[in-house]
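# Coordinates only, no sequence provided:
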């Protein structure tokens, strides 16, 4: 299998999306940079009613499945680190119904990155068993759901 370095073509929407505008091309910790790229998007969406917020995030997930799958195939890799749209969506899931304030942005960020990196069950299951765009997106969706639950539990304490 040939390994192709990530290539960002600014004329292609799928590259903009999969690489989160280029955040995934960072030479180190692209997943963290991808999650950072999600923060301004979250700030734009955070004023929406929860139902509309959920609809937008669901659409972002559904769009990410074929787009990330296609870019991964071009790179001839199962889940290239440069593809970070999954981190964007995972962070947006984490922050659904989050309290306002910078501390909550940071807590959500740390919780999501922790679950995305450590991959507890069921995140690890999805990471091993699901492939293509669905696999790329689902493990981060599950990490985001776990981080959402933890964030809401912390909020209640």
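Received, thanks. All values reported here derive from a predicted model rather than from experimental measurement.
# which residue sits closest to the residue positioned nearest the centre of the chain in space, ignoring its chain neighbours?
Note on the chain: the residue nearest the mean C-alpha position is residue 87, at 1.7 Å, using CA atoms, centre = their mean. Distance criterion CB to CB, 6 or more residues apart in numbering; nearest residue to residue 87, sequence neighbours excluded, is residue 34 at 3.7 Å. From N, CA and C alone the C-beta is placed, and that goes for glycine too.
# what mean pLDDT does the one helix or strand that neighbour maps to have?
Residue 34 is part of helix 30-45 when elements are defined by DSSP states H and E. Summarised as a single mean, pLDDT over helix 30-45 is 98.
# and it, which residues are buried?
Buried residues in helix 30-45, counted by 16 or more other CB atoms under 10 Å: 30-39, 41-42, 45.
# hmm, back to that, where's the residue nearest to the centre of the chain, which helix or strand?
Counting by DSSP H and E, the element that carries residue 87 is helix 85-94.
# Check which helices and strands that helix sits against.
When contacts are defined as 3 or more CB pairs under 8 Å, 6 or more residues apart in numbering; DSSP states H and E, helix 85-94 sits against helix 30-45, helix 50-75, helix 102-118, helix 132-156.
# rerun that using 10 Å as the cut-off
With contacts taken as 3 or more CB pairs under 10 Å, 6 or more residues apart in numbering; DSSP states H and E, helix 85-94 sits against helix 13-18, helix 30-45, helix 50-75, helix 102-118, helix 132-156.
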